[in-house]
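Engineer: here is my input, please return the structure:
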Amino acid sequence: MGRVRSCILSISLILLMYTRSSSAQIGLNWNRLRGELAEGALNTTTGDIQNVLTDILRQFQDFAPDLAGQLPIPGQGEGDVNATEGGEESPKPAPQFPPGFENLQYVSPVCLNHTLTLIGDFQAQKQYAKQMVYSSGSPIPNPSIEFSGLTADYGLFQQCRDVKKEHEGTPFDAEYCILSNYGPEGAQYHSAVCVPASCPDYDLRTIAYTLKGVLDIPVEFHFTCETRPSFTGGDIFVILWCVILGILMLSGTLYHLIKIHTEARKKSNAYEDAPEEACEEDGDHGDDKKVEELEPEDKENQPAAEGTGTDAEREVMNIQERGDDPKKESKSTDGKLGRMLMCFSIIHNFGKIFDISKQKGTLSALNGIRVISMFWIILGHTWQFLGTYRADNPLYMYTQLLPKFWAQTVLHAVFGVDTFFLLSGLLLAYLTLRALKKGDGKINWGLFIFHRFYRITPLYMLVLGVWSTFPAHIADGPTVQWIFHGARDTCRRLWWTNFLYINNLHPFPGDLGGQCMGWSWYLANDMQFFIISPIILYLLYKNRKIGFAVIGVILLISTCATIGISYHYGLNIGFNQKPFNNNTADHPTADHLYGKPYHRIPPYLIGIIVGYFLFKLEGKKFDIPRLAAGGMWLLAAGSALGLVYGLYNTTQGYIVPQGTTIFYYAVNTIAWGVAIGWVAFACIKGYGGPVNTILSWPVWTPLARLTFAAYLVHPLVQFVYVWSLPTAVPPTPAFMTYHVIAFIFVSYAVALVFSLAIEAPLMGLEKIWFKRH
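Structural biologist: Just a heads-up that it's a prediction; the model follows:
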């Protein structure tokens with residue numbers, strides 16, 4: 001019924017616009033129709049609707065011949081002419097529109113003609129016209145919105161687009177357009193219309209605003225028609241780079257296969273030796289060689305050091321002062337070009353990523369923490385993206401599912417990002433302090449920062465380029481162009497803020513939805529923390545008291561800033577609580593705390609503290625009374641569980657006082673950092689028990705190496721799927737669980753492709769290009 005009402009409203013508007021009756025007659029017709037709508041006359045049966053439409057059409061027939069003579073026939077251009085008696089050609093007279101409808105002269109005559117054809121053919125019950133009408137969504141919320149909360153009806157996307165293909169003799173192509181209505185007080189409703197393809201969005205906008213003016217409707221309209229964007233220079237640049245990377249991967253793999261075949265003819269064991277050494281610098285045979293040089297406790301660093309690219313461990317390991325050893329001779333017979341090609345070998349890189357050989361040591365538990373945190377983030381984003389944007393019954397999700405106790409796990413998945421900050425700070429401190437010790441307090445800090453930028457930025461920028469290019473061209477669905485056109489435009493304006501890692505600060509305060517790749521706020525924070533870390537780490541190495549004092553001052557500034565901002569803006573916590581004041585009224589979605597470094601830095605600093613103590617206790621026996629260790633585990637578990645599930649009462653209607661809210665904002669990231677910091681420390685120093693056994697499972701190792709890429713690509717995977725869905729979906733726990741598992745699998749599969757294409761090759765090329773002395 002909603003779709004038929006959509007057609008009735010649209011058709012009635014157009015018919016009444018083009019009749020040459022008086023404006024009084026137009027008002028009379030429209031008021032009668034609007035009255036019947038209000039009384040529910042159009043909510044009864046299709047027969048009632050047809051009667052109303054037939055009555056309007058009958059009134060229109062008196063005026064249709066005159067108007068038809070002023071409009072072009074479908075297939076003819078706007079330059080049609082009439083012949084005068086003297087044989088001279090003169091332009092057809094412009095259609096005469098009633099008062100209030102003069103703006104329709106700016107609508108394409110072909111669009112008007114095709115629309116009139118659609119109206120008549122729908123009255124004649126032609127199949128193509130019926131399919132177009134019934135493919136449209138309801139222009140106004142269905143009465144069931146009171147119980148479902150569904151504020152969108154996108155109609156039938158595929159059926160609209162396939163009209164001409166399915167019905168021979170269709171006089172024109174059909175196009176699918178999103179109609180967004182913005183009502184008073186920010187209310188939004190999104191629908192869809194299936195219209196002749198000769199009616200671009202600006203024609204539809206003209207018609208809609210004409211209706212708005214005549215009927216004094218307090219709604220703003222916006223149309224977005226599903227048209228493929230043209231390829232720009234930026235698109236071609238991204239595609240070219242993807243093609244180049246593909247060619248390099250293919251070339252490297254072929255070279256590797258040829259090398260394997262050649263070496264196999266020389267000696268039977270060459271497959272395991274020479275090929276794997278080719279993508280290395282002369283005299284340096286990769287990370288395994290480094291592991292041999294480490295002390296026994298440090299050998300476990302290697303699985304962790306090949307985890308996320310956002311951790312600092314690899315950068316530090318690459319800039320340690322090692323010195324050249326003349327006794328180390330390269331076994332590789334490749335030239336430099338050959339070694340560079342080997343860096344792109346899929347076989348070579350795949351083997352390194354999925355190497356789960358157990359390294360002896362103490363840091364493998366960090367791999368499990370990292371991967372489980374990534375799974376948690378994907379869980380939260382699945383419910384956020386799929387449940388919020390495409391649920392067929394949002395009210396059920398918000399009132400029946402999310403208030404449940406288990407759903408707190410979904411609502412607080414953001415703590416997974418705080419875990420990343422902790423791990424990054426921990427590994428950075430531990431390995432940098434080791435490097436300082438080995439270099440007698442000296443380290444190349446410029447190279448320290450450069451390596452970080454080199455390791456992270458190419459993959460980051462490639463994903464950004466893919467995000468802003470491919471979905472708009474290849475994704476298919478009712479809202480694809482509406483969503484991805486906006487993402488494309490945003491990234492074209494603001495990509496440089498991502499490149500400089502200031503996208504969480506510019507424009508200020510900004511909002512996550514207005515950023516290019518809104519989830520990349522984490523990378524900006526992590527890079528900002530990394531840049532200031534040399535000062536902290538050097539002070540810790542030289543004078544522990546001064547170093548800890550600096551950390552304390554930064555924590556104090558962070559806490560005070562968080563308290564002041566949360567108080568000023570009246571920020572709320574919990575489920576469906578309103579702000580404590582209206583200071584955010586002008587910009588309700590502004591990001592004042594969530595993605596800001598002054599709020600997110602505590603876990604990173606706590607990670608540095610944990611890393612410092614691991615460094616100081618390296619190779620030393622550290623005894624903790626069993627009772628004390630158990631107490632620490634209880635305290636850590638209680639803190640973490642309290643942060644995740646402590647706000648459950650807010651889903652039952654409890655209102656958290658502002659003072660408690662401010663306290664929560666001030667300590668939540670600190671408390672989480674301390675809790676997870678203890679887990680990491682205890683597992684590394686032998687007090688992890690079964691927790692350490694689980695977190696040190698070798699299967700986590702390859703997944704940890706892919707986690708940085710997985711973080712970057714998982715929203716891309718989710719958005720392409722979510723916005724390509726032709727219809728809304730049920731937000732049931734089972735449905736969501738299946739999709740969480742699917743998104744984890746697909747995200748890591750896509751991450752593997754990106755890692756093989758650029759992240760892993762650059763790690764190998766770094767050892768060739770940047771010689772370490």
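
Engineer: need the nearest residue in space to Val746, chain neighbours excluded.
Structural biologist: With C-beta to C-beta, 6 or more residues apart in numbering as the measure, Val717 is the residue that lies nearest to Val746, at 5.3 Å, once sequence neighbours are left out. C-beta: built from backbone N, CA, C; applies to glycine.

Engineer: and for the one you found, the neighbour number?
Structural biologist: Val717 is surrounded by 22 other residues when neighbours are defined as other C-beta atoms under 10 Å.

Engineer: and for Glu226?
Structural biologist: Counted by other C-beta under 10 Å, the residues lying close to Glu226 total 19.

Engineer: ok, back up a step: now do the residue nearest to Val746, the pLDDT please.
Structural biologist: Model confidence at Val717, given as pLDDT, is 95.

Engineer: what comes up buried for the helix or strand it falls within?
Structural biologist: Applying DSSP states H and E as the criterion places Val717 in helix 707-722. By neighbour count, with 16 or more other C-beta atoms under 10 Å as the criterion, the buried positions of helix 707-722 are 707-722.

Engineer: between the very next helix or strand once past it and helix 707-722, how big is the angle?
Structural biologist: Toward the C-terminal end, the helix or strand that comes next after helix 707-722 (DSSP H and E) is helix 733-754. Between helix 733-754 and helix 707-722, the angle comes out at 130 degrees (axes from the mean of the first three to the mean of the last three C-alpha atoms, to 10 degrees).

Engineer: show me what helix 733-754 packs onto, helices and strands only.
Structural biologist: For helix 733-754, the contact count by 3 or more C-beta pairs under 8 Å, 6 or more residues apart in numbering; DSSP states H and E identifies helix 365-382, helix 445-467, helix 707-722 as packing neighbours.

Engineer: now those in JSON lines, with distance to Pro139?
Structural biologist: Formatted as JSON lines, the entries for the helices and strands packed on helix 733-754 read as follows, by distance: least, C-beta to C-beta, whole Å:
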{"stretch": "helix 365-382", "distance to Pro139": "31"}
{"stretch": "helix 445-467", "distance to Pro139": "32"}
{"stretch": "helix 707-722", "distance to Pro139": "24"}
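
Engineer: which one of the ones you listed lies closest to Leu494?
Structural biologist: helix 445-467 (10.1 Å; C-beta to C-beta).

Engineer: what angle do the closest one and helix 733-754 make?
Structural biologist: Angle of helix 445-467 versus helix 733-754, following the same axes, to 10 degrees, is 120 degrees.

Engineer: name the residues of helix 445-467 that are buried.
Structural biologist: Buried-residue list, helix 445-467, by 16+ other C-beta under 10 Å: 448-449, 451-467.

Engineer: could you pull out the strands for this protein?
Structural biologist: Along the chain, counting by DSSP state E, strands occupy 81-83, 89-91, 174-182, 188-196, 220-225.

Engineer: rewinding a little: out of the buried residues of helix 707-722, which is nearest to Trp700?
Structural biologist: Of all the buried residues of helix 707-722, Thr707 has the smallest distance to Trp700: 9.6 Å, by C-beta to C-beta.

Engineer: do you know how far the nearest residue to Leu257 once chain neighbours are set aside is from Ala710?
Structural biologist: Once flanking residues are discounted, Leu257 sits nearest to Ile347: 7.3 Å by C-beta to C-beta, 6+ apart. The spacing between Ile347 and Ala710, counted by C-beta to C-beta, to the nearest Å, is 22 Å.

Engineer: and what of Tyr134?
Structural biologist: 42 Å.

Engineer: before we move on, what about Ile565?
Structural biologist: Ile565 is 31 Å from Ala710, by C-beta to C-beta.

Engineer: and if you look at Ser373?
Structural biologist: On the measure of C-beta to C-beta, Ser373 and Ala710 end up 11 Å apart.

Engineer: same question for Thr399.
Structural biologist: Distance, Thr399 to Ala710, by C-beta to C-beta: 33 Å.

Engineer: again with Trp678
Structural biologist: Counting by C-beta to C-beta, the gap from Trp678 to Ala710 is 26 Å.

Engineer: ok, Leu494 next?
Structural biologist: Applying C-beta to C-beta, one obtains 24 Å for the distance of Leu494 from Ala710.

Engineer: returning to that earlier point: to Leu118, which of the strands of the chain lies closest?
Structural biologist: Comparison of the strands of the chain against Leu118 by C-beta to C-beta identifies strand 188-196 as nearest, at 6.3 Å.

Engineer: the closest one vs strand 220-225, what angle?
Structural biologist: Calculated by the same axes, to 10 degrees, strand 188-196 forms an angle of 50 degrees with strand 220-225.

Engineer: mind listing what's buried in strand 188-196?
Structural biologist: Across strand 188-196, burial judged by 16+ other C-beta under 10 Å covers Tyr189, His190, Ser191, Ala192, Val193, Cys194, Val195, Pro196.

Engineer: cool, thanks, signing off.
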